[in-house]
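*Asks:* My questions are about this predicted structure, shown below with the sequence.
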Number of protein chains: 2
Amino acid sequence: MDQFMRMAIDEAREGLAEGGIPIGAVLLSPAGQVLGRGHNQRVQQQDPIIHAEIDALRKAGRVGNYRGCTIYSTLMPCYLCSGAIVQFGISKVIVGEEETFAGGREFMESHGVQVENLDLAECKELLQTFIQQNPDLWAEDIGEL
Amino acid sequence: MDQFMRMAIDEAREGLAEGGIPIGAVLLSPAGQVLGRGHNQRVQQQDPIIHAEIDALRKAGRVGNYRGCTIYSTLMPCYLCSGAIVQFGISKVIVGEEETFAGGREFMESHGVQVENLDLAECKELLQTFIQQNPDLWAEDIGEL
């Protein structure tokens, strides 16, 4: 598997082990260096904003500009994270799946972001198992509680 | 002036006094209680995500659901903040101005968010003076560095 998607899945599993929502993300520079990696921490930090992509962006700090950057996520980014990607001008998004949650693909593509779905069974199983066991936590995460 | 826009402007001025980008926001419950208030802290916290609306949402913590909530901001929310508003299902946005930055009005309205612009000279002067003195900080904030 792509090493950066592997890293994003490792982040998701770290979140799961902490009792959190298992979604992970990795931000890469245009040259392919890891600028930041993170996972959803809504439960752990009691902070509604810390989705996986947001955590990776915070860990990366003030990058300055994101032209040519790629963000990996185990799941298609929601509108919060899609909004960050569009506003910051991140060029490419590679996701593990978009079956569990359709997210903001059209919105991102309409703003020129390149979106690729690797459609990985491992990502779907990880999140769908969590959702079956914790439906309210998931509903809260996507604003549908 | 509307007491909550006054509060948002006070937040923006607090940010300015800290050396930060002067934008403030206040999140209200459906009953009109302040759930969280905050200001842009990218410079102060070296964190690209902490726009004013995001700071107010973080201060409010895990609200659960945002149906019927209103967010005030001294400026039309950018796509990051518009994405949070749409994803979390916040019902209404009241802004101080949209002249300095057009933001995500259409995107929010297309998702059923009610958007109102108070068109206040005080908000424009506060931010435009800052931008004239700190063009690079502003460009970084909106992903145009």
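*Replies:* The structure has been received and is ready for your questions. None of the values given here were measured: they were computed from a predicted structure.
*Asks:* tell me the contacts of the closest residue to chain B within chain A?
*Replies:* As assessed by Cβ to the nearest Cβ, chain B sits closest to A:G83 within chain A, at 2.2 Å. Where C-beta positions appear, they are placed from N, C-alpha and C, glycine not excepted. Contacts for A:G83 were tallied using Cβ atoms under 8 Å, 6 or more residues apart in numbering or on different chains; they are A:104, A:107, B:78-84, B:86, B:104.
*Asks:* low-scoring stretches of chain A, by residue?
*Replies:* In the prediction, chain A carries no residues with pLDDT under 70.
*Asks:* What residues does it have near chain B?
*Replies:* With Cβ under 8 Å from any Cβ of the partner chain as the criterion, chain A meets chain B at residues A:42, A:46-49, A:54, A:57-58, A:60-66, A:78-84, A:86-89, A:104, A:107, A:111, A:140, A:142-145.
*Asks:* and with 7 Å instead?
*Replies:* Chain A comes close to chain B at residues A:46-49, A:54, A:57-58, A:61-62, A:64-66, A:78-80, A:82-84, A:86-89, A:140, A:142-143, A:145, as judged by Cβ under 7 Å from any Cβ of the partner chain.
*Asks:* Could you pull out the buried residues of the helix ranked longest in chain A?
*Replies:* Of all the segments assigned as helix in chain A under DSSP state H, the longest by residue count is helix A:3-17. For helix A:3-17, a neighbour-count test (16 or more other Cβ atoms under 10 Å in any protein chain shown) marks A:4-5, A:7-9, A:11-13, A:15-16 as buried.
*Asks:* same thing with stretch A:115-131?
*Replies:* For stretch A:115-131, burial by neighbour count (16+ other Cβ under 10 Å) applies to A:115, A:118, A:120, A:122-124, A:126-127, A:130-131.
*Asks:* Over to stretch A:67-86?
*Replies:* A:69-86.
*Asks:* Surely A:F101 is in contact with A:L75?
*Replies:* Yes: counting by Cβ atoms under 7 Å, A:F101 touches A:L75, with 5.8 Å between them.
*Asks:* The nearest residue to A:A8 once chain neighbours are set aside pairs with what?
*Replies:* Leaving aside its sequence neighbours, A:A8 sits nearest to A:G24 (Cβ to Cβ, 6 or more residues apart in numbering or on different chains; 4.2 Å). Taking DSSP bridges as the rule, A:G24 bridges to A:H39.
*Asks:* which residues touch A:G24?
*Replies:* Applying Cβ atoms under 7 Å, 6 or more residues apart in numbering or on different chains to A:G24 gives the contacts A:8-12, A:15, A:39, A:52, A:74.
*Asks:* What is the most widely separated pair among those residues?
*Replies:* A:D10 and A:A52 (11.9 Å; Cβ to Cβ).
*Asks:* Can you give me the distance of the nearest residue to A:S73 once chain neighbours are set aside to B:L75?
*Replies:* Spatially, and ignoring its direct neighbours in sequence, A:S73 is nearest to A:A25 (4.3 Å; Cβ to Cβ, 6+ apart). Remark: distance between A:A25 and B:L75 (Cβ to Cβ, to the nearest Å) = 27 Å.
*Asks:* Buried residues in stretch A:108-117, which are they?
*Replies:* A:108, A:111, A:113, A:115.
*Asks:* Does the last one belong to a helix, a strand or coil?
*Replies:* The assignment at A:V115 comes out as strand when based on DSSP: H, G, I helix; E, B strand; the rest coil.
*Asks:* do you know how far it is from A:G32?
*Replies:* For A:V115, the distance to A:G32 - Cβ to Cβ - is 18 Å.
*Asks:* Now do the one helix or strand A:Q128 maps to: which elements does it pack against?
*Replies:* Applying DSSP states H and E as the criterion places A:Q128 in helix A:121-133. Packed against helix A:121-133 by the contact rule (3 or more Cβ pairs under 7 Å, 6 or more residues apart in numbering or on different chains; DSSP states H and E) you find helix A:3-17.
*Asks:* dump the residue contacts of A:Q41.
*Replies:* Contacts for A:Q41 were tallied using Cβ under 7 Å, 6+ apart; they are A:15, A:20, A:47, A:50, A:55.
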